[in-house]
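Trainee: sequence first, then the predicted structure:
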Amino acid sequence: MKRRVTKAIFPVAGLGTRFLPATKSIPKEIMTLVDRPLIQYAIDEARAAGIKEFIFVTSRGKGALEDYFDHANELEAHLKKSGKEELLETLRSTNMESGAIAYIRQHKALGLGHAVWCARRLVGNEPFAVILPDDVIAAEKPCLQQMVEAYAEVGGNMVAAMEVPMDKASSYGVLDISDDMGAMVSVKGMVEKPKAEDAPSNLAVIGRYILSPRIMQTLNRMKSGAGGEIQLTDAIAEEIHKGDKVYGLRFRGQRFDCGSKAGFLQATVAFGLARDELRDEFQQFLASMLAIRKAAE
């Protein structure tokens, strides 16, 4: 009998140096796409997938991230008094129940695998999800919900996967496929950041995982891998060697790498155009900007 996935780990200990100077004073995870911080997109996706317990792996300087999930009683009272019910409802939708969020510190930046391992005591003996807030996915059915539904059928371990150009494979963990079943693939190996000529496929892992609690034992024994860090990909590959099943799910949706400036800008445009109240004015502005650039060439 496969257990339900009700816990999710959010590794948010990174310094966000690619977004300096903004991240000098604010955590990258609360930088906003339109009017919602990155972490809110991740939380909403987790909620839609049935997650009830949210585990944040943080580091020094993330106090603003923790404060974001506190109830803003004074602001709520002001909105209520002003009759701004729609804004009040928007604000309340970001509130988290007492005890729903736990914060764990990662004292040394030793990689994603180490960040996940830091949450081992809170995970216990249950399957769990991992969500990287940098990877924002626009989808009709949220990506993690797609994964949870697929996991209910097959169990094991599961990663979200998408096809990338071979010359970009060195930026990802890449799947070595044993059986391609269309939306889902069975995985016989994983390689972290391979050279293009060494990549076993062009199917790359992106920031969504559903993992067996046994992976914590593997991470406990892991040594540094690519980049001198403890790689989660290496631990998942080790589970395959032990005979545990690993699947990749070709999720339906568009992924934006909001860990990069270009990806963040692309997501801002896509999410802005998706908003009914912004679309017309924003689209006209973009068209005028393109016309100006074209005329200047």
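Mentor: Now that the structure is in, tell me what you want to look at.
Trainee: now the nearest residue to residue 163 once chain neighbours are set aside: phi and psi?
Mentor: Among residues not flanking residue 163 along the chain, residue 202 sits closest, at 5.3 Å (Cβ to Cβ, 6 or more residues apart in numbering). Where you see a C-beta, it was placed from the backbone N, CA and C, and this is true even at glycine. The phi/psi pair for residue 202 (degrees, to the nearest 10) reads phi -110, psi 20.
Trainee: per-residue confidence averaged over stretch 12-32?
Mentor: pLDDT averaged over stretch 12-32 equals 86, rounded to a whole number.
Trainee: same check, this time on stretch 200-215
Mentor: If you average the pLDDT over stretch 200-215, you get 92.
Trainee: mind listing what's buried in that stretch?
Mentor: Residues 200-212, 215 are the ones in stretch 200-215 that count as buried (16 or more other Cβ atoms under 10 Å).
Trainee: ok, which stretches of the stretch 1-150 of the chain are strands?
Mentor: Ranges of strands in the stretch 1-150 of the chain, per DSSP state E, counting those that start in this stretch, are 7-11, 32-33, 36-37, 53-58, 101-105, 128-131, 135-138.
Trainee: tell me what the first one is packed against?
Mentor: Contact analysis of strand 7-11 by 3 or more Cβ pairs under 8 Å, 6 or more residues apart in numbering; DSSP states H and E lists helix 38-48, strand 53-58, helix 112-117, helix 120-123, strand 128-131 as its packing neighbours.
Trainee: how does it look with 6 Å?
Mentor: Contacts of strand 7-11 with other secondary structure elements, assessed using 3 or more Cβ pairs under 6 Å, 6 or more residues apart in numbering; DSSP states H and E, are made with strand 53-58, helix 112-117, strand 128-131.
Trainee: rebuild these as a markdown table, extending it with mean neighbour count.
Mentor: As requested, the helices and strands packed on strand 7-11 are exported to a markdown table (neighbours: other Cβ atoms under 10 Å):
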| stretch | mean neighbour count |
| --- | --- |
| strand 53-58 | 22 |
| helix 112-117 | 24 |
| strand 128-131 | 25 |
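Trainee: of those, which is nearest residue 75?
Mentor: Proximity to residue 75 (Cβ to Cβ) singles out strand 53-58 among those, at 21.9 Å.
Trainee: got a list of contacts for the closest one?
Mentor: 7-13, 100-104, 106, 115, 118-119, 122 (Cβ atoms under 6 Å, 6 or more residues apart in numbering).
Trainee: and if you look at stretch 126-134?
Mentor: Contacting residues not belonging to stretch 126-134 are listed as 3, 5, 7-10, 29, 38-39, 42, 46, 116, 207, 209-210, 212-213, 258-259 [Cβ under 6 Å, 6+ apart].
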